[in-house]
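1. Okay, sequence plus prediction incoming.
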Amino acid sequence: MLVDVVFYIVALLLLASSFLVLFSSNIYRSAIFLAFSMLSFASLYFLLSAEFIGVVQILVYVGAVSVLIALSVMLVRDIEKSTQSNKYRFISNILISLTIILIASFFTNYDWNSYSDNILNSSKCLLSECENESGFLISSTDWIGKLITADFIIAFQLTGLILLASLIGALALLRIRMGNNDS
Amino acid sequence: MTLSNLILLSWIIFFIGLYGSLTKKSAVLVVISLELMFNAVALNFVAFSRFAPGGLLGATDVSNVLSGQVMAIFIIAIGAAEAALALSIVIAMYREKNTIEFSETIEIREKDVD
């Protein structure tokens, strides 16, 4: 019950801050609201008892990406007219409303009852309350580490490669421009 | 907090991000909208790993259950790399063309190619 109340509060905060990301007047405020919505995502992960994902979300998105976006907004200094829409607005309105109707029809027709037993059993207990239930709560951080280094090792290595490539790419992009300015 | 609530929530956030990335002029806002879409998908993965049959509670096979959370970690890492690269492209674009609007730079680039 308490979990439901907290979930609805967090979901409302998440929806409101995500709307404000797009429709606030100033792009700097959009970056701040992005940090706030990432924090709401992290609290949803905590509610879903995925503690490690929540901590990583706070570290990476609230700590790093929001600061990166805010700093690049400051560097660009094109704040006033940057919240305008482009000329494809009408077409994308039509496209998005068509897609929403399509997915909404799927969403209302889908048989959610096949999941409901499991949901009813598992939504009663959160974190430490579940010890007396029939299921057992596994320590997710422990097993995520074991899974990443065993089953997902190739994806893990490729992620490291992608991070390195994006670092080199970002440095090369900015450095080439600086070289052109000097010469 | 049921599975359908979470999927509805992440779906709404995904479409907010899709709308922003399609309609906004500013490149920084497009990057922000892409981040929203990444996170909506990651939320979907974590929700399924919690609520799917044989979910996190009453787990029989751990590697099946926690795959969703591992995917969420990969999504977060790729999203961070994408943000760094995209913002460096934005700054390079601002230095070169003195604007961060996508439509204008696309027009300039077409003129250069011709």
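-> Yep, it's here.

2. Packing partners of the longest helix along chain A?
-> In chain A, taking DSSP state H as the definition, the longest helix is helix A:153-182. With contacts taken as 3 or more C-beta pairs under 8 Å, 6 or more residues apart in numbering or on different chains; DSSP states H and E, helix A:153-182 sits against helix B:67-97. C-beta here means a position set from N, CA and C on the backbone, and glycine is covered the same way.

3. Next, the angle from the helix it packs on to helix A:153-182.
-> Here helix B:67-97 runs at 10 degrees with respect to helix A:153-182, directions being taken by axes from the mean of the first three to the mean of the last three C-alpha atoms, to 10 degrees.

4. Can you get me a residue count around residue 70?
-> Looking at chain A here, since you left the chain open. As a burial measure, residue A:70 scores 18 neighbours (other C-beta atoms under 10 Å in any protein chain shown).

5. Can you look at chain B instead?
-> Around residue B:70 there are 23 residues (other C-beta under 10 Å).

6. surely it meets residue A:145?
-> No - if you go by C-beta atoms under 8 Å, residue B:70 and residue A:145 don't touch, sitting 9.8 Å apart.

7. Low-confidence regions, chain B specifically.
-> Residue ranges of chain B with pLDDT under 70: B:52-64, B:102-114.

8. Swap in 80 and give it another go.
-> Chain B contains residues with pLDDT under 80 at B:1-3, B:50-66, B:96-114.

9. How many neighbouring residues does residue A:63 have?
-> For residue A:63, the count of nearby residues is 13 (other C-beta under 10 Å).

10. Next: residue A:150.
-> Counted with other C-beta under 10 Å, the neighbours of residue A:150 add up to 10.

11. Roughly how far does the residue nearest to the spatial centre of chain B sit from residue B:86?
-> In chain B, the centroid-proximal residue (C-alpha atoms, centre = their mean) is residue B:38; its distance is 2.2 Å. Using C-beta to C-beta, to the nearest Å, residue B:38 is found at 12 Å from residue B:86.

12. Equivalent analysis for residue B:93, please.
-> Following C-beta to C-beta, the distance that separates residue B:93 from residue B:86 is 10 Å.
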